[in-house]
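>>> How does the following fold in three dimensions:
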Amino acid sequence: MAQAEESPTERVYITPSTKMALNAMKQPKERYGDVIARLISEKKQDEYIAHLDRIAARGNFVPMDSDPEYAEMKNGAAHAG
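Numbers count the residues shown, from 1 in each chain. All right, here's what the predicted structure looks like:
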């Protein structure tokens with residue numbers, strides 16, 4: 001998963017225990033920067049999914065089947081297949 005689009009520009013100092021934790025999370029051929037980038041990406045994805053879950057929990061949604069146009073499209077697709 002090496003990310004070649006960016007070259008390292010910063011040095012980050014971490015404790016030995018943090019380095020050991022990152023090392024345990026590394027996948028083959030990953031650098032520490034790759035691990036951190038992957039963890040950030042996963043965190044953003046988790047936050048987005050949680051946001052969507054909150055919207056769904058608070059929302060007052062109308063079932064799509066109650067929409068005549070959708071029901072017509074759905075019935076047309078069922079008859080076509």
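>>> Quick one: neighbours of residue 31, just the number.
Close neighbours of residue 31, defined as other CB atoms under 10 Å, add up to 13. Backbone N, C-alpha and C define where each C-beta goes, glycine included.
>>> Roughly how far does it sit from residue 47?
24 Å (CB to CB, to the nearest Å).
>>> Model confidence score at residue 81, please.
Predicted confidence (pLDDT) for residue 81: 61.
>>> Residue ranges in this protein under the pLDDT threshold?
Along the chain, segments meeting pLDDT under 70 span 1-6, 8, 81.
>>> Against residue 63, how distant is the residue most central in space within the chain?
With distances taken as CA atoms, centre = their mean, the residue of the chain nearest its centroid is residue 45 (2.7 Å). To residue 63, residue 45 is 28 Å away according to CB to CB.
>>> How about residue 43?
33 Å.
>>> Same question for residue 50.
Following CB to CB, the distance that separates residue 50 from residue 63 is 24 Å.
>>> Give the other helices and strands that the longest helix anywhere in the chain contacts.
In the chain, with assignment by DSSP state H, the single longest helix is helix 32-58. Judged by 3 or more CB pairs under 8 Å, 6 or more residues apart in numbering; DSSP states H and E, helix 32-58 is in contact with helix 16-25.
>>> check contacts around the residue nearest to the centre of the chain.
For residue 45, the contact set (CB atoms under 8 Å, 6 or more residues apart in numbering) is empty.
>>> what kind of secondary structure is residue 29 in?
coil (DSSP: H, G, I helix; E, B strand; the rest coil).
>>> so how many other residues sit close to it?
Neighbours of residue 29 (other CB under 10 Å): 8.
>>> how close does it sit to residue 35?
11 Å.
>>> Then residue 64?
When residue 64 is compared with residue 35 (using CB to CB), they lie 41 Å apart.
>>> Show me which of those two is the more surrounded one.
residue 35 (18 against 11).
>>> From residue 45, how far off is that one?
16 Å.
>>> can you check residue 20 too?
25 Å.
>>> Tell me the residue in the protein that is farthest from the middle.
Most peripheral residue of the chain (CA atoms, centre = their mean): residue 79, 36.2 Å.
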